[in-house]
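Q: Here's a sequence, model it:
(one chain, ligands or ions: 1)
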Amino acid sequence: MITTLKTKITIKDICKGFVYNELEGKGLFGLSGKLTIQPEYQRNYIYSSGDGKKEIAVINSILKDYPLGLIYFNKVNDDDLEVLDGQQRITSIGRFVNNKFAIKDENGMEQYFSGIAADKQTKILETKLLIYECEGKESEIKEWFRTINIAGVPLANQELLNAVYSGPFVTLCKEEFSNSQNANIQKWSTYISGSADRQEFLERALDWVSKDWEDKNNDPAHTRPIGKYMSKRRYEKNISELKLYFNGVINWVSSVFTDIESEMRGLEWGRLYEEYHKKTYDPTKISAEVHKLYSDPYIKNRKGIFEYILGGSTDTKLLDVRVFDDATKRSAYGTQTAEAEKKDKSNCPYCAIGHDVNKNKIWKLSEMDADHVAAWSKGGKTMAKNCQMLCKSHNRAKGNR
Ligand SMILES: [Zn+2]
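A: Below is the predicted model of the structure:
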């Protein structure tokens, strides 16, 4: 790979013919059309998301003579350059010079580029950028790109994968799943956490469709199975399998669970779909059960409610509830009772230390309830060694304390 340092390119040069695509949220061209600001393997413009502080910081850095850092171009040929690293900074500059956002002046007033003092305008336009032009094989450049982080915002997993497997398949994927103008994004956000900009919807879609469970178990972030799926389809020009599967999962969840709860966001819906979509569920009954469980103060893990219901409402471990299962109760009862009989004391430890008629009464299992030795509300776990059986009246008395 050959690299050449360019020190004479000014912001004015870069901003000549700057085109920003509002719809896709990305800078497209600069340098009078010679420069492609966002090649396929680059990510969407994210400096303006949130409060836009990052793009403002870029402009303030220029005005204060702070270094903007190195920018890398890929020299495709004499007339074609692509931004390898620096896309976010260049897009910030281009957007500012084109009056797309304002900065605060020394009096705290919001000013667009056209409104700031002429000498400041000149200063910005004449600022020279430090640019490395790289020439090399596509594979070398991509390998290098894969290993860098851009301007303090590390690339997310899926952003890296998009860079590594760039091509027609990724382009189509991004059109569908990373386009913040897509009307479906709001519905998807009910079930998927993250944002379209950072490729998190695309990541989930690819994760769900790539059902390499063995590999997923070995790779908690699922990057490898997703990469395999992308690699096989890199030059394909259709994503219908991906869309079909993704929509299948979303439609399945939304038809089984008709209520929308915030805890649904970010669950492993792809895995749950694979496990349960062949079963039939009555959405009315499901809804009633969801409501019942949501109003149950003993349930600590509301995120587990959905899988618990799908699995037939048996796996209480998913809920992290404050009740002990029957096996645990029977076992605690057996141990306590055997010990109590040996000592001729009650098998309720509270009765046993009392002085009334119950002090050596052996209660039946059905006359006792399970109690948390360390209180559930104080983090005591619902597990066997934290379980003791109390007679019903002592259990009630303890519960009311
Ligand atoms: Zn008792």
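Q: ok, and for stretch 283-303, which residues are buried?
A: Ile286, Glu289, Val290, Leu293, Ile299, Arg302, Lys303 (16 or more other C-beta atoms under 10 Å). The way it works is simple: take the backbone N, C-alpha and C, and place the C-beta from them, glycine included.
Q: residue contacts, the first one?
A: Meaning Ile286. Val256, Phe257, Thr258, Ile309 (C-beta atoms under 8 Å, 6 or more residues apart in numbering).
Q: That one belongs to a strand?
A: No: secondary structure of Ile286 (DSSP: H, G, I helix; E, B strand; the rest coil): helix, not part of a strand.
Q: Following the helix or strand of the chain with the lowest mean pLDDT in sequence, what is the next regular element?
A: Counting by mean pLDDT, DSSP states H and E, the chain has its least confident helix or strand at helix 138-147, which shows a mean of 68. Scanning forward in sequence from helix 138-147 by DSSP states H and E, the next helix or strand is helix 157-164.
Q: Which secondary structure elements does that following helix sit against?
A: Judged by 3 or more C-beta pairs under 8 Å, 6 or more residues apart in numbering; DSSP states H and E, helix 157-164 is in contact with helix 138-147, helix 168-177, helix 200-209, helix 223-233.
Q: Apply 6 Å and report the result again.
A: Under the contact criterion of 3 or more C-beta pairs under 6 Å, 6 or more residues apart in numbering; DSSP states H and E, helix 157-164 touches helix 138-147.
Q: now the strands for the stretch 301-401 of the chain?
A: With DSSP state E, counting those that start in this stretch, the ranges of strands along the stretch 301-401 of the chain come out as 368-372, 387-391.
Q: circling back: determine which two of the contacts of Ile286 are furthest apart.
A: Put simply, by C-beta to C-beta the two of the contacts of Ile286 set farthest apart are Thr258 and Ile309, 12.5 Å from each other.
Q: Which of the two has more residues huddled nearby?
A: Ile309 (19 against 11; other C-beta atoms under 10 Å).
Q: From the contacts of Ile286, which land in strands?
A: Assignment to strands by DSSP state E places none of those there.
Q: Close to the ion: what parts of this protein are there?
A: Cys348, Tyr350, Cys351, Cys391, His394 (C-beta under 5 Å from the ion).
Q: Quick check: phi and psi on Glu236?
A: For Glu236, the backbone dihedrals (degrees, to the nearest 10) come out as phi -80, psi 150.
Q: Please work out how many residues are found near the spatially closest residue to it that is not a sequence neighbour.
A: Leaving aside its sequence neighbours, Glu236 sits nearest to Phe169 (C-beta to C-beta, 6 or more residues apart in numbering; 5.1 Å). Other residues near Phe169 number 22, with proximity taken as other C-beta under 10 Å.
Q: What residues does Phe169 make contact with?
A: By C-beta atoms under 6 Å, 6 or more residues apart in numbering, Phe169 lies in contact with Arg233, Arg234, Glu236.
Q: Nearest to the ion, out of the contacts of Ile286: which one, please.
A: Ile309 (35.7 Å; C-beta to the ion).
Q: How much space separates that closest one from Cys173?
A: 32 Å (C-beta to C-beta, to the nearest Å).
Q: Show me the shaky parts of the stretch 1-150 of the chain.
A: For the stretch 1-150 of the chain, the stretches with pLDDT under 70 are 23-25, 40-51, 142-150.
Q: Tell me where it has strands.
A: In the stretch 1-150 of the chain, the segments counted as strands under DSSP E, counting those that start in this stretch are 2-6, 19-21, 26-30, 35-36, 71-77, 80-85, 103-104, 110-111, 131-135.
Q: The first one - contacts with which helices or strands?
A: Meaning strand 2-6. Using 3+ C-beta pairs under 6 Å, 6+ apart, the elements in contact with strand 2-6 are strand 131-135.
Q: Also the third one?
A: Applying 3+ C-beta pairs under 6 Å, 6+ apart, one finds that strand 26-30 makes contact with strand 19-21.
Q: what separates Lys292 from Asn301, distance-wise?
A: From Lys292 to Asn301 the distance is 16 Å (C-beta to C-beta).
Q: Bridge partners for the closest residue to Asp296 other than its chain neighbours, pull those for me.
A: Distance criterion C-beta to C-beta, 6+ apart; nearest residue to Asp296, sequence neighbours excluded, is Val321 at 7.8 Å. Beta-bridge partners recorded for Val321 (DSSP bridges): Ile299.
Q: Model confidence for Val321, exactly?
A: pLDDT, Val321: 72.
Q: And for the closest residue to Ala102 other than its chain neighbours, the neighbour number?
A: Spatial nearest neighbour of Ala102, excluding adjacent residues (C-beta to C-beta, 6+ apart): Glu110 at 4.1 Å. Residues near Glu110, counting by other C-beta under 10 Å, number 10.
Q: same question, Asp212
A: Neighbourhood size, Asp212 [other C-beta under 10 Å]: 15.
Q: Let me see the contact set for it.
A: The neighbours of Asp212, taking C-beta under 6 Å, 6+ apart as the test, are Pro225.
Q: Please work out which residue of the stretch 201-350 of the chain is closest to the ion.
A: Using C-beta to the ion, the single residue of the stretch 201-350 of the chain nearest to the ion is Cys348, 3.2 Å away.
Q: Let me see the confidence value for the closest residue to Thr316 other than its chain neighbours.
A: Distances taken as C-beta to C-beta, 6+ apart place Asp325 nearest to Thr316, at 6.4 Å, with adjacent residues excluded. Note for Asp325: predicted pLDDT of 82.
Q: Repeat that for the one 5 residues further on.
A: Arg330 is assigned a pLDDT of 94 by the prediction.
Q: how many neighbours does it have?
A: 13.
Q: Report how many residues lie close to Leu320.
A: One thing to correct before we go on: residue 320 is Asp, not Leu. By other C-beta under 10 Å, the residues close to Asp320 number 16.
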